[in-house]
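> sequence unavailable; structure follows:
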Ligand code: ATP
Ligand code: MG
């Protein structure tokens with residue numbers, strides 16, 4: 001099989017090991033990638049030297065004591081070559097908790113080391129020739145037919161698949177993730193073992209599941225990976241709510257089921273190479289439709305699926321231990337994905353209220369989610385000009401006040417003018433000023449605000465509460481009116 005060159009940094013480390021009387025092989029993912037004609041993301045070297053030997057040979061190295069790996073630091077300009085991991089041959093270790101190997105057992109030969117690896121395409125080694133050889137002879141050690149599986153585009157477990165998944169259940173997700181990234185199929189025996197032992201994923205930590213899932217979603221064809229997860233019955237352990245949409249028909253405005261539509265939306269986000277949060281929001285934007293469905297057939301409705309969906313997204317991503325601010329953003333994009341953008345009818349103050357909720361910096365991502373929604377429904381009418389218009393509107397309004405921070409009057413001013421002591425009432429007044437400025441941004445001038453806050457300061461608490469309550473009602477009414485209009489126009493009676 002043809003392959004690219006071993007980088008000189010890897011060759012140099014190998015040579016030094018060999019000159020010291022040890023063996024050295026490039027192993028695992030980098031060999032697979034080379035044989036695929038891809039540039040490896042990182043390089044791993046396996047050797048029969050022990051961690052203390054490796055450290056002695058490479059003063060510029062550090063030993064993290066994780067699986068005996070010593071990381072050798074090079075002077076390469078390429079990030080992928082600056083740290084090269086050199087790991088002593090290891091044998092299969094026992095994973096009694098199905099999460100972590102109980103102890104590291106070193107092995108004597110590269111063959112033993114390859115045997116403990118997960119899939120045939122990941123279980124090949126490339127002998128590193130001594131650098132002074134005139135014609136280096138690259139020898140691929142391929143004990144399990146990895147090269148043939150690369151040709152056939154197959155993910156196949158090394159050895160007995162059931163045993164291998166029982167040893168480490170994360171391999172269930174690694175199989176799907178790698179199949180998705182490479183556009184490979186999972187070999188039938190391996191696939192059958194996966195479906196049979198899907199429930200082993202229960203014992204895998206949320207963080208490890210999350211990291212595999214994230215890589216899958218960031219691949220070029222994530223919708224395919226999610227379909228494989230469902231087919232192999234792994235989805236209940238990753239995002240069970242997503243499966244509720246499977247086979248759930250929509251109404252006369254939709255040709256796809258909820259499941260198909262969600263995957264199509266994700267597919268488009270990936271085609272556009274949009275970032276992770278947009279991809280997840282595209283995948284989850286209609287996740288609540290099955291729970292919100294009322295009626296059947298062409299006239300069914302899904303009221304509230306935006307609000308319920310935002311809550312579900314928070315739960316799903318929280319369970320996978322995604323960072324809080326990330327989860328909040330995705331949830332927000334789901335919550336507001338139904339925003340109204342018919343330029344002739346939408347009012348500037350309602351767009352300002354949307355910006356106030358979403359944040360100016362996330363408006364573009366919200367627009368992207370909406371585009372995924374449209375394209376994912378399979379009936380893209382020629383309408384993007386409206387979205388472009390909407391984007392101009394957002395841009396035009398971008399300097400208008402949408403947060404207390406943007407008011408030309410600060411808390412200190414409020415206290416000075418009204419004589420109110422520091423406390424929640426100051427914020428309360430500022431919020432009333434903001435509500436009024438959102439409706440009419442010309443009010444955001446220092447003099448006008450000073451005059452108005454003077455009036456507010458003279459009001460009784462009851463009067464102020466009523467003002468705030470009215471403003472709140474207005475916000476909600478605007479949203480409901482917008483959603484109501486969308487519902488009328490787009491998909492429900
Ligand atoms: P990538 O780095 O592109 O995600 P990779 O195959 O290099 O893919 P790593 O997690 O870097 O994945 O692992 C390096 C190698 O270690 C793999 O190619 C495989 O041989 C082995 N390996 C990793 N995880 C496991 C596992 N859970 N069980 C068995 N072998 C594994
Ligand atoms: Mg790797």
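Good, I have the coordinates. What you see is a predicted model; the values in this text were computed from it and never measured. Ligands and ions are numbered 1, 2, ... in the order given.

> OK, contacts around the residue nearest to residue 263 when sequence neighbours are not counted?
Leaving aside its sequence neighbours, residue 263 sits nearest to residue 223 (CB to CB, 6 or more residues apart in numbering; 4.2 Å). To be clear about C-beta, it is placed using only N, CA and C from the backbone, and glycine gets the same treatment. Shown in contact with residue 223 (CB atoms under 8 Å, 6 or more residues apart in numbering): 263-264, 266-267, 270.

> ok, residue 222 touching residue 179?
No - between residue 222 and residue 179 there is no contact under CB atoms under 8 Å: 11.9 Å.

> element containing the residue nearest to residue 263, please.
Using DSSP states H and E, residue 223 maps to helix 222-231.

> can you give the domain ranges for the protein?
Domain assignment of the chain by automatic domain parsing yields the ranges 8-148, 154-234, 257-398, 404-490.

> straight-line length of the longest one, end to end?
So the one you mean is domain 257-398. Taking CA to CA, to the nearest Å, domain 257-398 runs 37 Å from one end to the other.

> pretty sure residue 117 sits against residue 158.
Yes - using CB under 8 Å, residue 117 is in contact with residue 158, at 5.8 Å.

> just give me the neighbour total for the closest residue to ligand 2 within the chain.
In the chain, the residue that lies nearest ligand 2 is residue 29 (3.7 Å; CB to the ion). Per other CB atoms under 10 Å, the neighbour tally for residue 29 reads 18.

> so who does it touch?
With contacts defined as CB under 8 Å, 6+ apart, the neighbours of residue 29 are 40-42, 44, 122.

> picking that back up, residues shared between the contacts of residue 117 and residue 158?
Common neighbours of residue 117 and residue 158 (criterion: CB under 8 Å, 6+ apart): residue 123.

> give me the neighbour count for residue 289.
26.

> thinking again about what came up before, buried residues in the following helix or strand past the helix holding residue 223?
Using DSSP H and E, the helix or strand that follows helix 222-231 towards the C-terminus is helix 258-271. Buried residues in helix 258-271, counted by 16 or more other CB atoms under 10 Å: 258-270.

> check the offset of helix 258-271 from the chain's centre.
Relative to its chain's centre, helix 258-271 lies at 14 Å (CA atoms, centre = their mean, to the nearest Å).

> what of stretch 356-371?
Centroid separation for stretch 356-371 versus its chain: 17 Å, with CA atoms, centre = their mean.

> re earlier: out of the domains of the chain, nearest to ligand 1?
Ranking the domains of the chain by proximity to ligand 1 (CB to the nearest ligand atom) places domain 8-148 first, at 2.1 Å.

> just confirm yes or no for the closest one near ligand 1.
Yes - shown here: domain 8-148 in contact with ligand 1 (CB under 6 Å from any ligand atom) through 28-29, 41, 44, 117-118, 122-123.

> where are the low-confidence patches of the chain?
Low-confidence segments of the chain (pLDDT under 70): 1-4, 93-103, 130-138, 380-382, 474-493.

> longest strand in it, please.
strand 83-88 (DSSP state E).
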